[in-house]
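J.: The following block contains a protein sequence and its predicted model.
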Amino acid sequence: MRVTSDFWVSALLRRIFSSGGFGAVLRRGGDSAGAIFLIVRDRMGESVLYGPAPQTGYDDARPDDRLFTELFRTLDASRVTERLEREQKFDPDLWVVEIEPSGADTGDLFAVMKP
């Protein structure tokens with residue numbers, strides 16, 4: 001059984017804070033099943049936007065894991081904002097979480113589907 005979006009985001013933020021990083025919920029979506037988008041910012045100003053992986057990316061052995069896919073990398077924060085505004089029109093229950101990991105690899109924080 002997959003954990004709720006609310007629970008998953010809370011756990012992610014705890015992992016970020018415990019490793020010395022920072023995180024914030026920019027938009028709170030549906031508690032139980034809202035799609036989660038992650039903005040990972042580094043100290044040099046680059047942003048990486050991650051979104052939910054397509055359903056075809058899920059493994060039969062671990063169907064309850066939340067998988068993410070990298071949508072794009074940019075130095076232009078307005079590009080991230082524009083994309084999230086378009087996504088919000090399609091899905092008003094989405095979550096947006098911004099994190100700045102402190103030395104932790106994002107692969108240790110959340111699962112990323114490799115192309």
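T.: Sure, I can see it. Numbering: from 1, shown residues only.

J.: what ranges do the strands span in this structure?
T.: 22-27, 36-41, 47-52, 67-74, 95-100, 111-112 (DSSP state E).

J.: quick one: strands adjacent to the longest one?
T.: Think strand 67-74. The pairing partners recorded for strand 67-74 under DSSP bridges are strand 47-52 (antiparallel), strand 111-112 (parallel).

J.: Would you mind saying which of the ones you listed lies nearest Arg15?
T.: strand 111-112 (12.7 Å; Cβ to Cβ). C-beta coordinates here come from the backbone N, C-alpha and C atoms, glycine included.

J.: quick one: contacts of that closest one?
T.: Outside of strand 111-112, the residues within contact range by Cβ atoms under 8 Å, 6 or more residues apart in numbering are Tyr50, Asp65, Arg66, Leu67, Phe68, Thr69, Glu70, Thr106.

J.: Which residue, other than its chain neighbours, is closest to the fourth one?
T.: Using Cβ to Cβ, 6 or more residues apart in numbering and skipping residues adjacent in sequence, the residue nearest Leu67 is Ala53, 3.8 Å away.

J.: Go ahead and confirm Val80 touches Phe37.
T.: No: assessed by Cβ atoms under 8 Å, Val80 is found out of contact with Phe37, at 9.2 Å.

J.: which neighbours do these two share?
T.: Leu49.

J.: For these two, work out which one has more neighbours and name it.
T.: Phe37 (25 against 20; other Cβ atoms under 10 Å).

J.: Neighbours of Glu82, how many?
T.: Neighbours around Glu82, by other Cβ under 10 Å: 11.

J.: same deal with Ile99?
T.: With other Cβ under 10 Å as criterion, Ile99 counts 23.

J.: Show me what it is bridged to.
T.: Gly23, Val40.
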